[in-house]
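**Student:** the amino acid sequence is not available; the structure is as follows:
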DNA sequence: TTAATTGCGGTAATATTTAACCGCATTTTT
DNA sequence: AAAAATGCGGTTAAATATTACCGCAATTAA
(Lines give C-alpha, C1' and ligand atoms only; values in the text may rest on other atoms or scores of the structure.)
Protein backbone atom coordinates (compact mmCIF):
# COMPACT_ATOMS: atom_id res chain seq x y z
CA UNK A 1 0.00 0.00 0.00
CA UNK A 2 2.49 2.59 -1.14
CA UNK A 3 -0.25 4.71 -2.66
CA UNK A 4 -2.84 6.60 -0.67
CA UNK A 5 -5.95 4.46 -0.40
CA UNK A 6 -7.71 6.52 2.25
CA UNK A 7 -10.58 7.43 -0.05
CA UNK A 8 -11.05 3.80 -1.04
CA UNK A 9 -11.13 2.77 2.60
CA UNK A 10 -13.44 5.61 3.61
CA UNK A 11 -15.94 4.95 0.80
CA UNK A 12 -15.93 1.25 1.53
CA UNK A 13 -16.60 1.92 5.20
CA UNK A 14 -19.46 4.26 4.40
CA UNK A 15 -21.00 1.61 2.18
CA UNK A 16 -20.70 -1.06 4.85
CA UNK A 17 -22.33 1.22 7.36
CA UNK A 18 -25.24 1.78 4.98
CA UNK A 19 -25.69 -1.95 4.49
CA UNK A 20 -25.72 -2.45 8.22
CA UNK A 21 -28.19 0.38 8.80
CA UNK A 22 -30.49 -1.04 6.15
CA UNK A 23 -30.73 -4.23 8.17
CA UNK A 24 -30.89 -2.38 11.47
CA UNK A 25 -28.14 -4.52 12.88
CA UNK A 26 -25.89 -3.38 15.68
CA UNK A 27 -22.13 -3.83 15.47
CA UNK A 28 -22.37 -6.59 18.05
CA UNK A 29 -25.15 -8.33 16.14
CA UNK A 30 -23.02 -8.42 12.98
CA UNK A 31 -20.00 -9.57 14.96
CA UNK A 32 -22.03 -12.38 16.52
CA UNK A 33 -22.67 -13.78 13.06
CA UNK A 34 -19.10 -13.88 11.88
CA UNK A 35 -15.55 -14.16 13.05
CA UNK A 36 -14.94 -10.47 13.65
CA UNK A 37 -14.76 -8.25 16.68
CA UNK A 38 -17.36 -5.49 16.90
CA UNK A 39 -14.77 -2.82 17.64
CA UNK A 40 -12.89 -3.81 14.52
CA UNK A 41 -16.01 -3.67 12.38
CA UNK A 42 -16.41 -0.14 13.66
CA UNK A 43 -12.88 0.65 12.52
CA UNK A 44 -13.62 -0.80 9.10
CA UNK A 45 -16.72 1.38 8.83
CA UNK A 46 -14.68 4.40 9.77
CA UNK A 47 -12.17 3.77 7.02
CA UNK A 48 -9.31 2.74 9.23
CA UNK A 49 -8.60 -0.68 7.79
CA UNK A 50 -7.57 -1.93 4.40
CA UNK A 51 -9.15 -5.30 4.99
CA UNK A 52 -8.29 -8.59 3.41
CA UNK A 53 -10.36 -10.86 1.18
CA UNK A 54 -11.07 -13.20 4.08
CA UNK A 55 -12.32 -10.29 6.17
CA UNK A 56 -14.64 -9.19 3.36
CA UNK A 57 -16.11 -12.68 3.30
CA UNK A 58 -16.58 -12.63 7.06
CA UNK A 59 -18.32 -9.26 6.83
CA UNK A 60 -20.65 -10.62 4.16
CA UNK A 61 -21.49 -13.47 6.50
CA UNK A 62 -22.21 -11.09 9.33
CA UNK A 63 -24.35 -8.85 7.18
CA UNK A 64 -26.06 -11.78 5.46
CA UNK A 65 -25.37 -10.57 1.94
CA UNK A 66 -23.42 -11.88 -1.01
CA UNK A 67 -19.80 -10.70 -0.89
CA UNK A 68 -20.15 -8.87 -4.19
CA UNK A 69 -22.72 -6.62 -2.51
CA UNK A 70 -19.93 -5.23 -0.35
CA UNK A 71 -18.32 -3.76 -3.44
CA UNK A 72 -21.55 -2.81 -5.16
CA UNK A 73 -21.29 0.96 -5.06
CA UNK A 74 -19.95 3.82 -7.16
CA UNK A 75 -16.18 4.05 -7.34
CA UNK A 76 -16.19 7.18 -9.43
CA UNK A 77 -12.79 7.98 -10.83
CA UNK A 78 -11.07 5.49 -8.58
CA UNK A 79 -11.23 2.89 -11.31
CA UNK A 80 -11.06 2.78 -15.08
CA UNK B 1 -6.49 -15.10 9.46
CA UNK B 2 -6.59 -17.70 12.19
CA UNK B 3 -9.07 -19.82 10.24
CA UNK B 4 -8.24 -21.72 7.10
CA UNK B 5 -9.16 -19.57 4.12
CA UNK B 6 -7.37 -21.63 1.50
CA UNK B 7 -10.60 -22.51 -0.31
CA UNK B 8 -11.65 -18.87 -0.36
CA UNK B 9 -8.30 -17.84 -1.80
CA UNK B 10 -8.26 -20.65 -4.34
CA UNK B 11 -11.78 -19.97 -5.59
CA UNK B 12 -11.09 -16.27 -5.84
CA UNK B 13 -7.95 -16.95 -7.84
CA UNK B 14 -9.78 -19.26 -10.20
CA UNK B 15 -12.40 -16.60 -10.78
CA UNK B 16 -9.79 -13.92 -11.49
CA UNK B 17 -8.10 -16.21 -13.95
CA UNK B 18 -11.41 -16.73 -15.75
CA UNK B 19 -12.01 -12.99 -15.96
CA UNK B 20 -8.55 -12.51 -17.40
CA UNK B 21 -8.98 -15.32 -19.93
CA UNK B 22 -12.30 -13.86 -21.04
CA UNK B 23 -10.49 -10.69 -22.01
CA UNK B 24 -7.52 -12.54 -23.42
CA UNK B 25 -5.16 -10.44 -21.38
CA UNK B 26 -1.72 -11.62 -20.38
CA UNK B 27 -0.49 -11.21 -16.83
CA UNK B 28 1.84 -8.46 -18.03
CA UNK B 29 -0.98 -6.69 -19.84
CA UNK B 30 -3.09 -6.59 -16.67
CA UNK B 31 -0.11 -5.49 -14.63
CA UNK B 32 0.59 -2.66 -17.07
CA UNK B 33 -2.84 -1.24 -16.32
CA UNK B 34 -2.57 -1.14 -12.58
CA UNK B 35 -0.14 -0.92 -9.72
CA UNK B 36 0.60 -4.61 -9.41
CA UNK B 37 3.45 -6.86 -10.44
CA UNK B 38 2.65 -9.61 -12.93
CA UNK B 39 4.30 -12.29 -10.81
CA UNK B 40 2.13 -11.30 -7.89
CA UNK B 41 -1.03 -11.41 -9.98
CA UNK B 42 0.00 -14.93 -10.85
CA UNK B 43 0.27 -15.74 -7.17
CA UNK B 44 -3.17 -14.29 -6.55
CA UNK B 45 -4.62 -16.45 -9.32
CA UNK B 46 -3.00 -19.48 -7.81
CA UNK B 47 -4.58 -18.86 -4.45
CA UNK B 48 -1.46 -17.88 -2.61
CA UNK B 49 -2.51 -14.45 -1.38
CA UNK B 50 -5.28 -13.23 0.85
CA UNK B 51 -5.25 -9.84 -0.82
CA UNK B 52 -6.39 -6.56 0.62
CA UNK B 53 -9.18 -4.23 -0.46
CA UNK B 54 -6.75 -1.89 -2.19
CA UNK B 55 -5.32 -4.79 -4.17
CA UNK B 56 -8.80 -5.86 -5.25
CA UNK B 57 -9.38 -2.36 -6.57
CA UNK B 58 -6.08 -2.42 -8.44
CA UNK B 59 -6.99 -5.77 -9.96
CA UNK B 60 -10.32 -4.37 -11.12
CA UNK B 61 -8.45 -1.51 -12.75
CA UNK B 62 -6.11 -3.90 -14.51
CA UNK B 63 -8.94 -6.12 -15.68
CA UNK B 64 -11.16 -3.16 -16.61
CA UNK B 65 -14.16 -4.37 -14.65
CA UNK B 66 -16.15 -3.06 -11.73
CA UNK B 67 -14.68 -4.28 -8.42
CA UNK B 68 -17.89 -6.09 -7.51
CA UNK B 69 -17.32 -8.31 -10.55
CA UNK B 70 -14.29 -9.75 -8.80
CA UNK B 71 -16.55 -11.21 -6.14
CA UNK B 72 -19.37 -12.13 -8.49
CA UNK B 73 -19.21 -15.90 -8.30
CA UNK B 74 -20.67 -18.73 -6.30
CA UNK B 75 -19.43 -19.02 -2.73
CA UNK B 76 -21.41 -22.13 -1.98
CA UNK B 77 -21.45 -22.93 1.70
CA UNK B 78 -18.69 -20.48 2.46
CA UNK B 79 -21.22 -17.85 3.34
CA UNK B 80 -24.66 -17.66 4.94
C1' DT C 1 -34.03 6.31 37.31
C1' DT C 2 -31.74 2.05 36.73
C1' DA C 3 -30.06 -1.04 33.47
C1' DA C 4 -28.77 -2.29 29.03
C1' DT C 5 -27.25 -1.28 24.53
C1' DT C 6 -24.54 0.96 21.29
C1' DG C 7 -20.63 3.06 18.80
C1' DC C 8 -16.08 3.56 19.04
C1' DG C 9 -11.17 4.73 20.49
C1' DG C 10 -6.86 2.67 22.44
C1' DT C 11 -3.37 -1.06 22.61
C1' DA C 12 -0.20 -4.99 21.94
C1' DA C 13 1.90 -8.88 19.75
C1' DT C 14 1.68 -11.58 15.98
C1' DA C 15 0.99 -12.82 11.33
C1' DT C 16 0.67 -11.47 6.77
C1' DT C 17 0.72 -9.07 2.53
C1' DT C 18 3.31 -6.46 -0.44
C1' DA C 19 6.91 -4.70 -3.62
C1' DA C 20 10.09 -5.54 -7.05
C1' DC C 21 13.28 -8.03 -8.59
C1' DC C 22 15.38 -12.44 -11.06
C1' DG C 23 15.27 -16.30 -14.10
C1' DC C 24 13.51 -20.36 -16.37
C1' DA C 25 10.66 -23.64 -19.17
C1' DT C 26 7.19 -23.62 -22.42
C1' DT C 27 4.39 -21.76 -25.91
C1' DT C 28 3.60 -18.59 -29.63
C1' DT C 29 4.92 -15.56 -33.24
C1' DT C 30 7.79 -13.86 -37.01
C1' DA D 1 14.98 -21.51 -36.57
C1' DA D 2 15.26 -17.40 -33.99
C1' DA D 3 12.91 -14.16 -31.19
C1' DA D 4 9.40 -12.77 -28.30
C1' DA D 5 5.84 -13.59 -25.06
C1' DT D 6 3.93 -16.03 -21.34
C1' DG D 7 3.09 -18.20 -16.81
C1' DC D 8 5.02 -18.74 -12.70
C1' DG D 9 8.13 -19.96 -8.70
C1' DG D 10 11.56 -17.88 -5.51
C1' DT D 11 13.24 -14.10 -2.39
C1' DT D 12 13.88 -10.50 1.38
C1' DA D 13 12.66 -6.18 3.69
C1' DA D 14 9.33 -3.40 5.14
C1' DA D 15 4.75 -2.04 5.78
C1' DT D 16 0.38 -3.37 7.32
C1' DA D 17 -3.71 -5.74 8.97
C1' DT D 18 -5.36 -8.54 12.56
C1' DT D 19 -6.65 -10.21 17.03
C1' DA D 20 -8.88 -9.58 21.27
C1' DC D 21 -9.06 -7.21 24.89
C1' DC D 22 -10.71 -2.91 28.03
C1' DG D 23 -13.49 0.90 28.98
C1' DC D 24 -16.17 5.02 28.26
C1' DA D 25 -19.78 8.41 26.76
C1' DA D 26 -24.17 8.64 24.95
C1' DT D 27 -28.39 6.81 23.59
C1' DT D 28 -32.30 3.72 24.38
C1' DA D 29 -35.22 0.58 27.07
C1' DA D 30 -37.33 -1.31 31.15
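**Tutor:** Perfect, thanks for sending it. Here the structure is a predicted model, which is why all the values come from computation and not from measurement. Numbering: from 1, shown residues only, chains lettered A, B, ... in the order given.

**Student:** and chain A, which of its residues are near DNA strand D?
**Tutor:** Within chain A, the positions adjacent to DNA strand D are A:1-2, A:35-37, A:39-40, A:44, A:49-52, A:54-55 by Cβ under 7 Å from any atom of the strand. Placement of C-beta: from N, CA and C, glycine included.

**Student:** of those residues, buried ones?
**Tutor:** Buried subset of these (neighbour count, 16 or more other Cβ atoms under 10 Å in any protein chain shown): A:36, A:44, A:49-52, A:54-55.

**Student:** residue A:8: which of those residues is nearest?
**Tutor:** Distances from residue A:8 to these, taken as Cβ to Cβ, are shortest for residue A:50 (7.8 Å).

**Student:** tell me the backbone dihedrals of the closest residue to that closest one other than its chain neighbours, please.
**Tutor:** Computed as Cβ to Cβ, 6 or more residues apart in numbering or on different chains, the closest residue to residue A:50 that is not its neighbour in sequence is residue B:52, at 4.8 Å. Per-residue torsions, residue B:52: phi -90, psi 170 (degrees, to the nearest 10).

**Student:** check the gap between residue B:52 and residue A:47 for me.
**Tutor:** Look at residue B:52 and residue A:47: by Cβ to Cβ, to the nearest Å, they are 14 Å apart.

**Student:** which element is the residue nearest the centre of chain A on?
**Tutor:** The residue lying closest to the centre of chain A (Cα atoms, centre = their mean) is residue A:16, at 4.2 Å. In the assignment (DSSP states H and E), residue A:16 maps to helix A:6-23.
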